[in-house]
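Novice: Below: sequence and its predicted model.
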Amino acid sequence: MLKNDLIRGAAAAANYTGLDQGTIYRLCQQDEIPYVRLGHRLFFRKSELDQTFAGAFQRGGPSKTGSQSSINGRVA
């Protein structure tokens, strides 16, 4: 289940969401979208991105609630 929900890398997240890769990095930096950083790689869950952007369309911007997931803690 998690394997089908996992997006590896900002480029893949950009492709999934239709956003520019730079926008994905900016939204992560501003804690506007949920992600996990492991080393130098970002990971995303499709279900969390779907939920975040569904809420953004309803409110007019990305949600700040639950903006970051963590497996072993965030490495900045």
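Specialist: Looks like it came in fine.

Novice: quick one, helices of the chain?
Specialist: 2-5, 10-17, 21-29, 46-59 (DSSP state H).

Novice: which helices and strands does the last one pack with?
Specialist: When contacts are defined as 3 or more Cβ pairs under 8 Å, 6 or more residues apart in numbering; DSSP states H and E, helix 46-59 sits against helix 2-5, strand 6-8, helix 10-17. Using the backbone N, CA and C atoms, a C-beta is placed for each residue, glycine as well.

Novice: could you give the mean pLDDT of it?
Specialist: Here helix 46-59 scores 84 as its mean pLDDT.

Novice: how about it: buried residues?
Specialist: For helix 46-59, the neighbour count (16 or more other Cβ atoms under 10 Å) marks E48, L49, T52, F53, G55 as buried.

Novice: Please name the nearest non-neighbouring residue to the first one.
Specialist: Beyond its immediate neighbours in the sequence, the residue positioned closest to E48 (Cβ to Cβ, 6 or more residues apart in numbering) is P34, lying 4.2 Å away.

Novice: That neighbour contacts F44, doesn't it?
Specialist: Yes - between P34 and F44 there is a contact under Cβ atoms under 8 Å: 7.0 Å.

Novice: what's the closest of the buried residues of helix 46-59 to G9?
Specialist: L49 (13.1 Å; Cβ to Cβ).

Novice: pLDDT below threshold where in this protein?
Specialist: 1-2, 56-76 (pLDDT under 70).
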